[in-house]
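# attaching a predicted model along with its sequence, questions to come.
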Number of protein chains: 2
Amino acid sequence: MTLDPLTAYVGAFVDELSESGVEDVVISPGSRSTPLALMFTQHPKIKGLLSVDERSAAFFALGIAKVKEKPVALVCTSGTAAANYYPAIIEAAISHVPLLVLTADRPHELRDVGAPQAIDQIGLYGKYVKWFHEMALPEMDDRILQYVRSNANRAYAVSMDAKKGPVQLNFPFREPLIPNYNAPDAFTYGKKTNQGAYRSFFSGKRELSEQLITELKDKLETVEKGVIVCGPGTYNHGVEPIIDLAEKYQLPIFADPLSPLRKGEHNKDLVIEHYDALLKTDVIRDWKPELVIRFGAMPVSKAYTQYVQKHSDCEFWIIDEGEDWRDPTHSQGRMIFTDTKKFAEGLTVNAHKLGSETSWTNNWMKANEIAQYEKDKFVEIDDLFEGKIFSQIENLIPNDTALFVGNSMPIRDLDSFFGKTSKSIQFIANRGANGIDGVISSALGVASSGRKTVLVIGDLSFYHDMNGLLAAKMYELDITIVLVNNSGGGIFSFLPQAKHPEHFEQLFGTPIDISFEKATNLYDGQYHLVQSWLGFAEVFAKCIDEKGLKVIELQTNREENVHLHKQYWGNINTAIESQLGKLSDD
Amino acid sequence: MTLDPLTAYVGAFVDELSESGVEDVVISPGSRSTPLALMFTQHPKIKGLLSVDERSAAFFALGIAKVKEKPVALVCTSGTAAANYYPAIIEAAISHVPLLVLTADRPHELRDVGAPQAIDQIGLYGKYVKWFHEMALPEMDDRILQYVRSNANRAYAVSMDAKKGPVQLNFPFREPLIPNYNAPDAFTYGKKTNQGAYRSFFSGKRELSEQLITELKDKLETVEKGVIVCGPGTYNHGVEPIIDLAEKYQLPIFADPLSPLRKGEHNKDLVIEHYDALLKTDVIRDWKPELVIRFGAMPVSKAYTQYVQKHSDCEFWIIDEGEDWRDPTHSQGRMIFTDTKKFAEGLTVNAHKLGSETSWTNNWMKANEIAQYEKDKFVEIDDLFEGKIFSQIENLIPNDTALFVGNSMPIRDLDSFFGKTSKSIQFIANRGANGIDGVISSALGVASSGRKTVLVIGDLSFYHDMNGLLAAKMYELDITIVLVNNSGGGIFSFLPQAKHPEHFEQLFGTPIDISFEKATNLYDGQYHLVQSWLGFAEVFAKCIDEKGLKVIELQTNREENVHLHKQYWGNINTAIESQLGKLSDD
């Protein structure tokens, strides 16, 4: 029996994605997408996951892609289904996460003429995909099968090449929509070899010229007050070289929690994890650097942004592997597109300056110790202070765990209250667009990769993606969710909006007042309300060891929370002033 | 005290939207959107509603705009918040619903440089908005205030002019973000008059030339077998003229449930509400028309589409007020952009042909009676047959009620099993892109306009927009939801996919298996599981009279449902064959 064009075409595509390296597909139900859905499900090497709500589906795929650092395929039917992917696609684009968005579509004769469930899917995601391609209708002659295999390889390659990101392929399908997926040559028809991908892909790394490296080295050797800033990013291969660079030139390292520098077994003596709190103090804000070398994206710390703005006449080198222009401070200096490891090594090898502590570095290390002392003291608090959640988790979390953190308050508290750790913890957050949407699904995507996963999330963000919990139930995923319920938008209490009580609760506080116990119950999860830190420690330890969905709720108070944060920063300010105040004259 | 530019600018904008006619705004919480959120909330004539999940917010606004037939404003903060609007914006664009999408944004210096919560919002919705404008930064000189007032008027006008649809204005705001909303001239600064809108808008109606009308009349007078098709649309002003036209030329009217022809007090003798079932019969499918005059969008009926394709050599006149090109059958004939009422009146006035029943018309009316008889007989069934829900609701629903119907199966069952009625029922559905998303929110938008509202929805669609239920709880909206739980995608059981049992449940059946009682409970709703039609009638009557959110669940069986539908169509086929078979030779 000869194969039909639909099966040969879609089979070749799916097979070639697998050959390229795709391991996971998240499928949402629909009719037009039947050829892709069936062929993906039938493929022996691809794991298919089903998700009814496409918004959650796309964030779920994003979570998987984040931990696997390779693209996950998404399949949906025609119509608004595809539009529900948009928030996750934007997040993927900005945070450089590879996704292969495969949208089924009506054929051309049924487009833009009022046919049911037909929308214009050409360029649906605008500037947010790296590559859009309208696929040809299924045919099975050699040239078309070469085209479809090559395009599968290309979609994979484009999504993985710097800067990584989403691509969209739009597939027009005519009825009948059922492929002959059981045919023995369904995935191999017309395949030339069994030697892997039809077109394999190699991507060279960017290296700077010897001349420029020498120039940068010469400059660096003259710098007495330099700083390395490590923002969010997956430049794990650069950790040791960055540490060497810092040691050689005695540069303190401001390490964002989402950088690879805050955790792991490397030497962290120069890592100043309290820089956010320190840069809020009057004394340290005045410590003027000569040179700032930044890796990764902009850090979470707003105090850092203000510090940069204050010292805008200093020189900035921004190293970006992803060829992105990320600097909202528009500081002067050099934008350097190159490989992190090669850059840091290049500056370190044969450098004249040898590491020995300078007063600049010493001061930062002392300041960091003071902050650490204040932190240790502060988190002895009995109140259910939101910041303490992270110092507790720092102690309780087992090795080899992924800690996913929601936006708005949790990521800021992570920065302030989870120190540096030698545990192998993978901190993850959706920091491309910093949305409160899709967080549960993203974290479940991480969990579905088999990693032990903890999520810390606020109540609004939890509510926003409650549908995402269905994946936990359907696939019996193991996740511990710490739900910080401050009954609404806690971050607004820190902003000037809080001074307008007549509209505050309605527009910014926005308490939603639903029972998260019931919500957890709806998805067969285990629920715990904790009211003390002792209780938290017990419940957390228990949840970590158990299977399935576990939600631990802490009910906190928004006003009290602001007050305590201010008190904490005030304590550090006072301690720095009394113990390091004199150094500002150095 | 002089006013500040932010207040003067945003105040003028909001005031002018109100002068144009905007009555409702749906606001999602955020910081960057503070100027718009506060000024809208403060405005005495605009009703502000808050919605945390922007996807639901936009569908909620869509629902309000559908019943009010005027634009509703949407306000959200920067970032993926705005992307969550996308599904509803696409639905609004395709189904011609006016929306004013007001997205707050970072100022230019914070765009595309990795600033937090900043995405590229220029043209975010691509081809799906009728007008995109990047607003100027707030200033308060006369020229800029004239610009902002005029643009508010224009946004309103563009959204309301044929074809109606969404517009996006993107507002860059710099900190500080708090306007002086209590200032006495916050909304009137620089306002020239108190005479209504700064720039009021008048939109002429399209009329055809006398010559063309005469030509069409001449043609129509020769037609013996003509049909009027009334698809979905809000051309209520055209109902009487269409009825007159049908009577004058003796044309049967195929009326989609979402057309204004199926309900209301006009004469419905010529309305063939069973045309979908009839066109499925072998006999009637062969009744070849000479001319088809269609108003509104393409009907829900797939049998109608197949009928058109079968008789593609007949002549088609498609009348479209919205200047849209909606004809997936690509049938030959005339595309006529004109006002429905003027068109129908023009063809009727002084027409030579006088209404008297023809055998063509008679046959359609007889056929419709046969189908009605079969329907009446069939819905005496005791089983929880999904189709019977609508014949029950037809009897039970009180006058002046909005009946919102979900996509996939419910809209098809509405077409087949809710007849024509003299009650004033407003049938509503999201039939632009036919998505299963956002249906609860859209129906709650209808309810929030104060109308008694019933929603019939499937379980997947209910789950997809469960977050939408928060609005019912927050605003104590009154809605009766009939939840047809066939444990997954019921429509797929009608499709060829059902023949592939090894993948069917996973990819198409997709049972989500959650307790809708718990889900209802989560939002403080009343829940009823009914297991008999007697029970349904009792519970429905009770729910209609009570306040708040009420969910009535019917658990049906997918396979049984297909079987019963087929049986029903089979019955009609047999009855038509035995009673009208001979007529096919006419």
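The structure has been received and is ready for your questions.

# which other helices and strands contact the longest helix belonging to chain A?
Scanning chain A for the longest helix, with DSSP state H as the assignment, gives helix A:558-580. If you count contacts as 3 or more C-beta pairs under 8 Å, 6 or more residues apart in numbering or on different chains; DSSP states H and E, helix A:558-580 packs onto helix A:275-278, helix A:282-285, helix A:359-378, helix A:386-396. Every C-beta, even on glycine, is put in place using the N, C-alpha and C of the backbone.

# dump those to CSV, plus mean pLDDT.
Formatted as CSV, the helices and strands packed on helix A:558-580 follow (pLDDT from 0 to 100):
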stretch, mean pLDDT
helix A:275-278, 98
helix A:282-285, 96
helix A:359-378, 97
helix A:386-396, 97
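
# angle of the longest helix of chain A against helix A:386-396?
Counting by axes from the mean of the first three to the mean of the last three C-alpha atoms, to 10 degrees, helix A:558-580 lies at 70 degrees to helix A:386-396.

# can you list the neighbours in contact with helix A:558-580?
Outside helix A:558-580, the residues that touch it by C-beta atoms under 8 Å, 6 or more residues apart in numbering or on different chains are A:274, A:277-278, A:280-284, A:363, A:366-367, A:370-371, A:373-375, A:377-378, A:381, A:383, A:385-387, A:409, A:416, A:486-488, A:490, A:493-494, A:498, A:509.

# in PyMOL, how would I select the buried members of those residues?
One line in PyMOL is enough to select the buried ones among the contacts of helix A:558-580; burial here means 16 or more other C-beta atoms under 10 Å in any protein chain shown:
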select buried, chain A and resi 274+277+278+280+281+283+284+363+367+370+371+374+375+378+385+386+387+409+416+486+487+488+490+493+494+509
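
# around residue A:181, how many other residues sit close by?
22 (other C-beta atoms under 10 Å in any protein chain shown).

# and it, that one's in a strand?
No: counting by DSSP: H, G, I helix; E, B strand; the rest coil, residue A:181 falls outside a strand, being coil.

# spit out the contact partners of it.
A:7, A:11, A:38, A:39, A:41, A:42.

# got the contact list for the second one?
When you say that, I think you mean residue A:11. Applying C-beta under 8 Å, 6+ apart to residue A:11 gives the contacts A:3, A:39, A:179, A:181, A:186, A:187, A:188, A:189.

# wait, the second one sits on residue A:7?
Yes: here residue A:39 lies in contact with residue A:7, judged by C-beta atoms under 8 Å, at a distance of 7.5 Å.

# pull up the overlap in contacts between these two.
In contact with both residue A:39 and residue A:7: A:179, A:181, A:186, using C-beta under 8 Å, 6+ apart.

# for residue A:140, see how far away the first one is.
Pointing back at residue A:179 there. Taking C-beta to C-beta, to the nearest Å as the measure, residue A:179 falls 12 Å from residue A:140.

# so can I have a markdown table of the shared contacts of residue A:39 and residue A:7 showing pLDDT?
A markdown table is the format used below for those (pLDDT from 0 to 100):
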| residue | pLDDT |
| --- | --- |
| A:179 | 96 |
| A:181 | 95 |
| A:186 | 96 |
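
# got the contact list for the residue in the stretch 301-450 of chain A positioned nearest to chain B?
Taking C-beta to the nearest C-beta as the measure, the stretch 301-450 of chain A has residue A:326 as its residue closest to chain B, at 2.9 Å. Going by C-beta under 8 Å, 6+ apart, residue A:326 touches A:297, A:298, A:318, A:320, B:113, B:114.

# helix or strand: which one has the residue lying closest to residue A:463 once chain neighbours are set aside?
Spatial nearest neighbour of residue A:463, chain neighbours left out: residue A:512 (5.5 Å); criterion: C-beta to C-beta, 6 or more residues apart in numbering or on different chains. If you go by DSSP states H and E, residue A:512 is not part of any helix or strand.
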